[in-house]
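Trainee: Turn this into a structure:
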Amino acid sequence: MSCRENSDDDSSSKRRVCYVYSPEYIEKCDSLSKVPNRASMVHSLIEAYGLLQHMSIVKPRVATTEEMAKFHSDSYLEHLHKISQEGDNDDPQSADFGLGYDCPIVEGIYDYAAAVGGASVTAAQALLDRKCDVAINWAGGWHHAKKDEASGFCYVNDAVLGILKLREKYERVLYVDVDLHHGDGVEDAFSFTSKVMTVSLHKFSPGFFPGTGDVCDTGLGKGRWYAVNVPMEDGIQDDRYYQVFNSVLQEVWSTFNPEAVVMQLGADTMAGDPMCSFNMTPVGVSKCLLYVLQWRLPTLLLGGGGYNLANTARCWTFLTATVLEKTLPSEIPDHEFFTEYGPDYSLEISPSCRPDRNDSKHLDNVISTIKGSICLNFNLNFNLIKVHCGTFREGGSITCL
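Mentor: All right, here's what the predicted structure looks like:
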């Protein structure tokens, strides 16, 4: 028998979706220098396609220092607050906290961090309160920030804060990251626990940020085997990516038995992104999203990377429609940012002619290694349960497929 079988009870019921939004929140997120006005572009396209009327709008609240301190250190938050007020670029301590080139010091950056962190906590709370089945915060997903360090454009790790909020109710939370970059900050946060499993599919190549996330990185201590990393090379397209995703997540679902999911859907995997790495389209990512949504678990969806702003808006609008089970017309509707979608003014993103550098045999070996690690972990834990309980029901042996 398989480790766990999917339940298709209530499969015909419509998902209740909460969308975290306020004009003030979008304005704050627009100020991020690495993706200026991206939040407005994403929201405006979602609105232009008429998707807001199918979701409950939830106004985000700003995270308190105490809420952010559930993950981040007091010293980091105090320093971020101090330089945010002063706009001080000369403080010698800033480099120790990762503040500088990748994470520039600008006035009001603490308020931005608190807004993003609070939005993901708000979304998670909506799930806890059963206001929705899926909660969306496209301006979140800043997965590189560490306990006491900003990193990779990320000042606060809102994904970790969202997971911690869900952990107040759910015993096992699964984090799935399909950003181009390794979700190192989230993995580090939970590397010693078996209560949160992290799965990251990402580019892994010498010199490519953040340089972590090899297939052999599997967690530490009690969290050993609860970190799953799927390293890939440039050029991967929808079909092959989904094949890998499906193979890995099928095993994760069967063995970890999650009660809630946080999914980071960075759009820097899209064809046409300035990162010039993966060759994906929203159609391929939506298949991955649908695979997770079929589990019918409380699910928090976050944004992340995405540096071709129009393509990022295309991607997250398409994914919003996917969650809502809506089909969108190809023609971009007239709205504030309409001219950004030229020259074709269509929702689709076409893959480029970039070659796929992923060797099939290598990917098969990666998948095989991951499956072996996951099943080894599950069988070890299962044997411990048998020893502890002294008995187990007849037919209780389990084989991972």
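
Trainee: Okay, and residue 263 sits in which element?
Mentor: Using DSSP states H and E, residue 263 maps to strand 260-264.

Trainee: Give the next helix or strand downstream of that strand.
Mentor: helix 282-293.

Trainee: Flag every buried residue along stretch 296-316.
Mentor: 297-316 (16 or more other CB atoms under 10 Å). In short, each C-beta sits where N, CA and C put it, glycine included.

Trainee: just checking, which of these belong to helices?
Mentor: 309, 310, 311, 312, 313, 314, 315, 316 (DSSP state H).

Trainee: count of neighbours near residue 343?
Mentor: Residues near residue 343, counting by other CB atoms under 10 Å, number 5.

Trainee: Can you say which helix or strand has it in it?
Mentor: Applying DSSP H and E, one finds residue 343 in no helix or strand.

Trainee: State the distance from it to residue 332.
Mentor: Counting by CB to CB, to the nearest Å, the separation of residue 343 from residue 332 is 11 Å.

Trainee: Also residue 307?
Mentor: 20 Å.

Trainee: before we move on, what about residue 16?
Mentor: To residue 332, residue 16 is 28 Å away according to CB to CB.

Trainee: Comparing the two, which shows the higher neighbour count?
Mentor: Each of residue 16 and residue 332 had its neighbours counted (other CB under 10 Å), and the higher figure belongs to residue 332 (24 against 14).

Trainee: Do I have it right that the more buried one meets residue 338?
Mentor: Yes - applying CB atoms under 8 Å, one finds residue 332 in contact with residue 338, separated by 6.4 Å.

Trainee: where do the contact lists of the two overlap?
Mentor: The contact sets of residue 332 and residue 338 overlap at residue 345 (CB atoms under 8 Å, 6 or more residues apart in numbering).

Trainee: quick one: buried residues of stretch 225-243?
Mentor: 225-238, 240-242.

Trainee: Any idea how far that stretch is from the middle of the chain?
Mentor: Offset of stretch 225-243 from its chain centre (CA atoms, centre = their mean, to the nearest Å): 14 Å.

Trainee: next one: stretch 260-279
Mentor: The chain centre lies 10 Å from the centre of stretch 260-279; the measure is CA atoms, centre = their mean.

Trainee: before we move on, what about stretch 282-300?
Mentor: Distance, centroid of stretch 282-300 to centroid of chain: 12 Å (CA atoms, centre = their mean).
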